[in-house]
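Peer 1: Fold the following for me, if possible:
(one chain, ligands or ions: 2)
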Amino acid sequence: MQISQLIKLLPKAELHLHIEGTLEPELMFELAQRNNIQLPYANIEEVRKSYEFHDLQSFLDVYYLGASVLIKKQDFFDLTYAYLEKANEDGIKHVEIFFDPQTHTQRGVSFEDIITGIVEALNKAKDEFAISSFLIMSFLRHLSEEDAFEVLEQAKPFYNNIKAIGLDSAEIGNPPEKFKNVFKKAIDLGFLTVAHAGEEGPAENIRNSLDLLNVKRIDHGVNCVTDESLLQELIKQKTPLTVCPLSNVKLKVFKHMSEHNIRDLYLKGVCVTINSDDPSYFGGYLADNYIECQKHLNFSFLELVQIAKNSFQASFLTEEEKEIRC
Ligand code: ES4
Ligand code: ZN
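Peer 2: Ligands and ions are numbered 1, 2, ... in the order given. Below you'll find the predicted structure:
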């Protein structure tokens with residue numbers, strides 16, 4: 001059997017996945033038509049051609065534009081269910097999904113439609129594919145902390161559907177300390193926390209996410225290597241990194257997959273996981289990310305099995321559930 005087939009058969013958890021980043025050009029066009037939205041692309045080929053990025057911001061501009069076709073509850077359901085079908089084919093058994101409410105509420109979309117559309121698709125996937133899931137509500141860090149407080153307030157009727165709070169969008173210029181107070185409130189309300197840090201930004205953002213936002217995992221975190229004492233602390237504390245290899249290459253964090261540092265981090269003893277981030281935009285879903293790592297970084301299959309185990313260990317499942325699932 002080919003290694004790509006073995007990778008698909010390996011039970012995996014996906015911990016770093018933006019639901020808006022799973023919007024395939026075909027669905028983007030369908031929803032644009034359904035909702036009467038004008039896109040600046042003539043056809044699907046043009047959409048794909050625009051997926052050439054030189055950094056995080058050049059991607060975010062295209063990502064927010066794509067998300068503008070999502071208006072109704074049914075759109076969020078269709079988007080989420082389409083991803084879960086792919087997740088099932090990829091051997092994903094558990095997924096922790098980011099959603100960015102501000103990307104949509106800023107355009108007048110109702111918070112209730114966003115979250116109920118997503119949750120209904122997650123419930124269907126639980127019944128049909130036995131994929132378990134948690135939702136991570138993420139604040140856009142280029143917006144203010146006051147705006148983030150407002151999101152937390154809007155989410156109140158749906159707190160039961162949300163497991164954790166995250167922080168994403170433009171890292172440079174928007175450090176974790178900007179969101180210290182709103183994260184404190186979220187923790188007081190009983191939410192777990194995570195944050196994107198050390199993707200384009202410095203290792204200091206990882207340190208401050210741990211110290212000031214009390215995060216349980218670091219999303220990306222690849223820049224931790226520039227601070228040896230931080231690196232040792234991540235290893236000692238077993239703080240998981242949700243690394244997204246194809247994303248990092250597409251956004252030029254690394255020039256080529258062969259230069260990615262995930263295997264070095266793995267060999268040093270960091271609890272790394274492999275994830276797909278925004279798979280529609282970055283050229284591959286979860287199994288593709290595992291396959292690319294194996295191809296270019298000499299991961300053995302047994303090492304990938306360990307990384308898949310890490311993905312369950314690093315998840316927000318209970319210790320009992322982890323026991324059963326890994
Ligand atoms: C993101 Cl790759 C990445 N980084 C930061 N924020 C994001 N939101 C969606 N994808
Ligand atoms: Zn991300």
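Peer 1: Which one of the residues in the protein is closest to ligand 1?
Peer 2: Using CB to the nearest ligand atom, the point where the chain gets nearest to ligand 1 is residue 168, with a distance of 3.5 Å. Quick note: C-beta positions are derived from backbone N, CA and C, even for glycine.
Peer 1: which phi and psi does residue 299 have?
Peer 2: Summarising the backbone geometry of residue 299 under the convention degrees, to the nearest 10, its torsions are phi -70, psi 130.
Peer 1: got it, and residue 43?
Peer 2: With angles defined as degrees, to the nearest 10, residue 43 shows backbone torsions of phi -160, psi 180.
Peer 1: swap in residue 2?
Peer 2: Torsion angles at residue 2 (phi, psi; degrees, to the nearest 10) stand at phi -70, psi 150.
Peer 1: Could you report the distance from it to residue 291?
Peer 2: 10 Å (CB to CB, to the nearest Å).
Peer 1: if you count what's nearby, which of these two comes out ahead?
Peer 2: Here residue 2 and residue 291 are compared on neighbour count by other CB atoms under 10 Å; more neighbours surround residue 291, at 19 against 8.
Peer 1: what does the protein put close to ligand 1?
Peer 2: For the chain, the contact set with ligand 1 under CB under 6 Å from any ligand atom comprises 18, 21, 56, 63, 168-169, 196, 199, 247, 277-278.
Peer 1: By neighbour count, which of the residues you listed wins?
Peer 2: Ranked by the number of neighbours (other CB under 10 Å), the residues of the chain next to ligand 1 place residue 277 first, at 31 neighbours.
Peer 1: Does it touch residue 21 like I think?
Peer 2: Yes: between residue 277 and residue 21 a contact is recorded at 6.3 Å, counting by CB atoms under 8 Å.
Peer 1: circling back: give the bridge partners for the residue of the chain closest to ligand 1, please.
Peer 2: residue 140 (DSSP bridges).
Peer 1: That one is in contact with residue 136, isn't it?
Peer 2: No: with contact defined as CB under 8 Å, residue 168 does not reach residue 136; the gap is 9.5 Å.
Peer 1: Just the helices from the stretch 51-200 of the chain, written as ranges.
Peer 2: Remark: helices of the stretch 51-200 of the chain, listed N- to C-terminal, are 56-67, 73-89, 101-105, 111-129, 145-154, 180-188; assignment by DSSP state H, counting those that start in this stretch.
Peer 1: Fine by me, thanks again.
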